[in-house]
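Colleague: Could you look at this predicted model? Sequence included:
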Amino acid sequence: MKPRLYQREAVKSVFDNWKTNRSTMVVMPTGTGKTIVISAIIKNCFPKRVMFIAHREELIFQAQDKIRRMTGFSTAVEMGDMKADETSLFDVPQVVISTIQTQTTGGDGGGRMSKFSPDDFGYLVFDECHHSVSSSWRKAFDYYCQNKNLKVLGVTATPDRHDEEALGQIFDSIAYDYEILDAIHQGWLVPITQQIAHIESLDFSGVRTTAGDLNGKDLANVLEMEKNLHGIADATVSTVGNKRCLIFAASVVQSEMLCGIINRHKPNSATWVCGKTDKQIRRKVLIDFAEGRIQYLVNCGVFTEGFDDPGVEAIILARPTKSRSLYAQMIGRGLRPLPGLVDSFADDDSEGRRDAIKNSSKPDALILDFVGNSGRHKLISAVDILGGNYSEETVRDVIETAKHDGRPVRVDAMLEEEEEKKRKKREEEKLREAARKAKIIGKAKFTITNIDPFDAFQLTPANVFSKDSRKQLSEKQEAILLKQGIDPARMPYSQAKQILDEQFRRWNLGLCTLKMAALLKRYGYETKNMTMEEAGKIIDGLKKSGWKTAI
């Protein structure tokens, strides 16, 4: 398990970030070796001890195995009947591995974290840290951070965009951000072929939104309907051929019923598991699936994290979601290349790895989504996951093409083609506009003043993430900032967007503009909630008095 180039870069970036930040994040897609990166970081933490926290039992034992093998350090698990008791000065585990439930629940309400002193650890690692916005994770964070010298690392596959602000309250920076599309282009993950099946009877328009995603009970009611189950089963069997399929369902009932209908189409080809399935039965099912005795493995809430089977060739999303993070976790289970296929190539031989994948028995991963009437909901697709570096217009057009054509779409290739088409169109429009303007002679007066918008609006600047470098304001947004006396080229995207949002909020409430606020601030006025009318009267009064004020 020698770390790959991008994994080594991630390790270095973490330690560089820790020089100036207490807490930092690594964002890496499923299948690119997050635990290898964590293990390499832990190895460099010695002699200071590490507390590693995850939220599922399966992740705990996988992490312990990889950390042991990569570091050679002693590890101990704190979970259930297992206790990381330090019985001797010569038997102190270098790494304690625990679940968040063990750490924060039970006992006197403080969980078992109280048995550990925060000062005993130099580092705290949160696996799948997109969960850390919840109260239990925050409780553990606050407890261990009583040690003022503690360094914190969070690792996740893909945080939801709506989570980024919350994560920014815990983590000071993103040390390393490795996108799924980067991994595909560099030949570490297989390409994605998206297929969208339209099921007329599917109607999600009445499903409520809860905590940013489709309400579980409402969603189950729709997906457990017999007509919808038959549509999903028929489209799945007709589309995937002999590919080994991992199917994600919304409920236990849907899992069981869908499995039964698939077996009617193809006897003894499908089985299902859920969180309450006996561990011995689940282990037997996974062996049968890995060895090809089962083609379709239906699951409810079991394999979104911690499932590692490179032989999975198709991911069937028999449940829609509005969560980018959840969707990325699900499709990530099918993106690993076959074992031993790509690691023999040099770090910079992306073409060699891509060719090896292309010529293998798993040249891509099929992602099958089901759509119907989504109503007001914006449901996530594979195009959304890979489209982070493309314009919103390009992503929207590719999604619509995939929906209406009903044919398989190589997502990365189609995004590139569509973006290139739009780039050429923009160039042609620029040339036409330049030719038109060449015939016009005009003069314009323009000044940019030295305004500190955060001081004027009394705002705390937003955290700057690495993704900012790939985002740009629209021409209209830039024009608004320029008109207010701000040069957008001097501001990171997230902070420029923050100022725009605040300006629009103030306009909607009838509050004074940035220029007004900045001017009155110099004269000692409190402008946070000052209306446009009030500001105008004060400015008129200042003009009449020769810019003298009693304040």
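Modeller: Yep, that arrived. Numbering: from 1, shown residues only.
Colleague: which stretches of the stretch 451-551 of the chain have low pLDDT?
Modeller: Judged by pLDDT under 70, the stretch 451-551 of the chain has its weakly predicted residues at 451, 464-470, 549-551.
Colleague: If we use 80, what do you get?
Modeller: For the stretch 451-551 of the chain, the stretches with pLDDT under 80 are 451-453, 456-459, 462-472, 485, 488-490, 547-551.
Colleague: Tell me which stretches of it form helices.
Modeller: Taking DSSP state H, counting those that start in this stretch as the criterion, the stretch 451-551 of the chain carries its helices at 453-457, 475-483, 493-509, 514-522, 532-544.
Colleague: same thing with the stretch 251-400 of the chain?
Modeller: Using DSSP H, counting those that start in this stretch, helices in the stretch 251-400 of the chain cover 252-265, 279-290, 324-332, 350-358, 382-386, 392-405.
Colleague: any chance of those in a markdown table, plus distance to D119 and mean neighbour count?
Modeller: All C-beta atoms are positioned from the backbone trio N, CA, C, and that covers glycine. As requested, the helices of the stretch 251-400 of the chain are arranged in a markdown table below (distance: least, CB to CB, whole Å; neighbours: other CB atoms under 10 Å):
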| stretch | distance to D119 | mean neighbour count |
| --- | --- | --- |
| helix 252-265 | 44 | 20 |
| helix 279-290 | 37 | 14 |
| helix 324-332 | 33 | 24 |
| helix 350-358 | 45 | 16 |
| helix 382-386 | 41 | 25 |
| helix 392-405 | 48 | 16 |
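Colleague: who wins for proximity to N149 among these?
Modeller: Across the helices of the stretch 251-400 of the chain, N149 has its closest neighbour in helix 324-332 (31.1 Å, CB to CB).
Colleague: now that closest one: mean pLDDT?
Modeller: For helix 324-332, the mean pLDDT works out to 89.
Colleague: Can you give the domain ranges for the chain?
Modeller: If you go by automatic domain parsing, the domain ranges for the chain are 5-178, 185-419, 453-544.
Colleague: Need the helices of the stretch 251-400 of the chain in CSV (columns: distance to E478).
Modeller: Formatted as CSV, the helices of the stretch 251-400 of the chain follow (distance: least, CB to CB, whole Å):
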stretch, distance to E478
helix 252-265, 48
helix 279-290, 52
helix 324-332, 27
helix 350-358, 35
helix 382-386, 25
helix 392-405, 16
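Colleague: Nearest to A435, out of the domains of the chain?
Modeller: Checking these against A435 by CB to CB gives domain 453-544 as the closest, at 18.9 Å.
Colleague: outside of stretch 229-242, which residues touch it?
Modeller: By CB atoms under 8 Å, 6 or more residues apart in numbering, the surrounding residues in contact with stretch 229-242 are 195, 197, 199-202, 223, 245, 247, 254, 257-258, 261-262, 264-266, 295-296, 313-314, 316, 318, 366, 368, 370.
Colleague: Of those, which belong to strands?
Modeller: Mapping the contacts of stretch 229-242 onto strands (DSSP state E) picks out 195, 197, 199-202, 245, 247, 296, 314, 316, 366, 368, 370.
Colleague: Among the residues you listed, which one is most surrounded by other residues?
Modeller: Within the ones in strands among the contacts of stretch 229-242, neighbour counts (other CB atoms under 10 Å) peak at I316, which reaches 31 neighbours.
Colleague: circling back to that earlier point, and of the helices of the stretch 451-551 of the chain, who's closest to Q94?
Modeller: Closest among the helices of the stretch 451-551 of the chain, using CB to CB: helix 493-509, at 37.4 Å.
Colleague: who touches the closest one?
Modeller: When contacts are defined by CB under 8 Å, 6+ apart, helix 493-509 is touched by residues 453-454, 457, 459, 461-465, 468-469, 471-473, 477, 480-481, 484, 486, 488, 491, 511-514.
Colleague: Any of those residues buried? List them.
Modeller: Neighbour-count burial (16 or more other CB atoms under 10 Å) applied to the contacts of helix 493-509 gives 453, 457, 462-465, 468, 473, 480-481, 484, 486, 488, 491, 511-514.
Colleague: Ok, which of the helices of the stretch 251-400 of the chain comes nearest W137?
Modeller: helix 324-332 (14.6 Å).
Colleague: Show residues contacting that closest one.
Modeller: Identification of contacts with helix 324-332 by CB under 8 Å, 6+ apart yields 29-31, 130, 156-161, 163, 180, 192, 213, 248, 304-305, 315, 317, 321, 365, 367, 380-382, 384-385.
Colleague: Mark which of these are buried, thanks.
Modeller: Counted by 16+ other CB under 10 Å, the contacts of helix 324-332 give 29-31, 130, 156-160, 163, 180, 192, 213, 248, 304-305, 315, 317, 321, 365, 367, 380-382, 384-385 as buried.
Colleague: Any stretches of the stretch 151-300 of the chain with poor pLDDT?
Modeller: If you take pLDDT under 80 as the line, the stretch 151-300 of the chain has these spans: 158-169.
Colleague: make it 70
Modeller: Residues of the stretch 151-300 of the chain that meet the cut-off, pLDDT under 70, sit at 158-166.
Colleague: about what we covered before: and of the ones in strands among the contacts of stretch 229-242, the nearest to Y390?
Modeller: Q195 (20.1 Å).
Colleague: need the contact list for that closest one.
Modeller: So Q195 contacts 239, 366-369, 402, 406-409 (CB under 8 Å, 6+ apart).
Colleague: quick one: pLDDT of Q7?
Modeller: On the pLDDT scale, Q7 gets 96.
Colleague: Helix or strand: which one has it?
Modeller: helix 5-18 (DSSP states H and E).
Colleague: Mind giving me the packing neighbours of that helix?
Modeller: With contacts taken as 3 or more CB pairs under 8 Å, 6 or more residues apart in numbering; DSSP states H and E, helix 5-18 sits against strand 23-27, helix 34-43, strand 173-177.
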